[in-house]
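Student: the sequence and its predicted three-dimensional model are supplied below.
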Amino acid sequence: MPLLDGQVRRMFEEVAFSYDLQNSVLSLRRDSAWRRALADRLPPGRPLRVLDVAAGTAEVALEICRRRPLAQVLGLDYSPSMLAVGRGKLLSQGLAGRLSLCLGDARRLPVRDTCMDAVSIAFGIRNVDDRATALAEFRRVLRPGGRALVLEFSLPEASVPRRLYRLYFEHVLPPLGNFLSRSDYAYDYLVESVLAFPKPEAFAQELTRAGFGPVSRTPLSLGIVQLYEANVPNRPAQGAAVRSSSSEGVSCW
């Protein structure tokens, strides 16, 4: 049975203490390359305001700060324990002036309309139980020409890598991940949620329905991960409606 929203939040609270170690071990250290690939899709050489949703322990937000020195980043997550780990890192790296972390929900972003140059989310959209609302929120807070970047797990398309990866993903990763996280369900949930997530073409269509322009996607690590890139049209399409802020007055920015 799929986990409910509150159960997913509680799961992240429980695994926060070793979340970075889990990611590094279970991805065979490919997680850092995936984050760099996302950050490199941001325009270089100019000031940027970036919202990183489902920021967790702030690894993506920190990577954006490192690779885009003129960026100001707001990281948002609904797990206080994950954010506490992230705050420790941004303070130790002297990035408190460029990176802020805020408690919040992807379905009700606490920022004003059209105030962001980019929105990113890494391995988080799969956990949102109302994806259409979250994608509409991404669209709302992006300025015309702004960019959404989404990293999410997938399965290799080629048959042999796909079969080999599924052996690891469905039979090795869950017990190892549960051991590292001291959980008896977190990585069973990961497998179930990845297999239930739409195929790449279907998710790209969801982005288009949310009001984004043409969507490009890049398979990473043989297709284990997909990097989606979608821009907001500079001029709204005729008849297109952009949702207005539902959180006026509670802006983090």
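Tutor: Yep, that arrived. Note that this is a predicted model, so its numbers are computed, not measured. Numbers count the residues shown, from 1 in each chain.

Student: same for the longest strand anywhere in the chain, what does it pack against?
Tutor: Ranked by number of residues, the top strand in the chain under DSSP state E is strand 142-153. On a contact count with 3 or more CB pairs under 8 Å, 6 or more residues apart in numbering; DSSP states H and E, strand 142-153 meets helix 31-39, strand 116-122, helix 131-141, helix 200-209, strand 225-231. In this view, the C-beta of every residue, glycine as well, is placed from N, C-alpha and C.

Student: do me a favour and average the pLDDT over it.
Tutor: For strand 142-153, the mean per-residue pLDDT is 98.

Student: flag every buried residue along it.
Tutor: Buried residues in strand 142-153, counted by 16 or more other CB atoms under 10 Å: 142, 146-153.

Student: measure stretch 222-235 end to end?
Tutor: 36 Å (CA to CA, to the nearest Å).

Student: now A84. Nearest residue, chain neighbours left out?
Tutor: A16 (7.4 Å; CB to CB, 6 or more residues apart in numbering).

Student: got a list of what A210 touches?
Tutor: When contacts are counted by CB atoms under 8 Å, 6 or more residues apart in numbering, A210 touches 132, 135-136, 138-139.

Student: rerun that using 7 Å as the cut-off
Tutor: Shown in contact with A210 (CB atoms under 7 Å, 6 or more residues apart in numbering): 132, 135-136, 139.

Student: and the strands in the stretch 151-253 of the chain?
Tutor: 215-220, 225-231 (DSSP state E, counting those that start in this stretch).

Student: direction included, what does the longest one pair up with?
Tutor: Translated: strand 225-231. Sheet partners assigned to strand 225-231 using DSSP bridges are listed as strand 142-153 (antiparallel), strand 215-220 (antiparallel).
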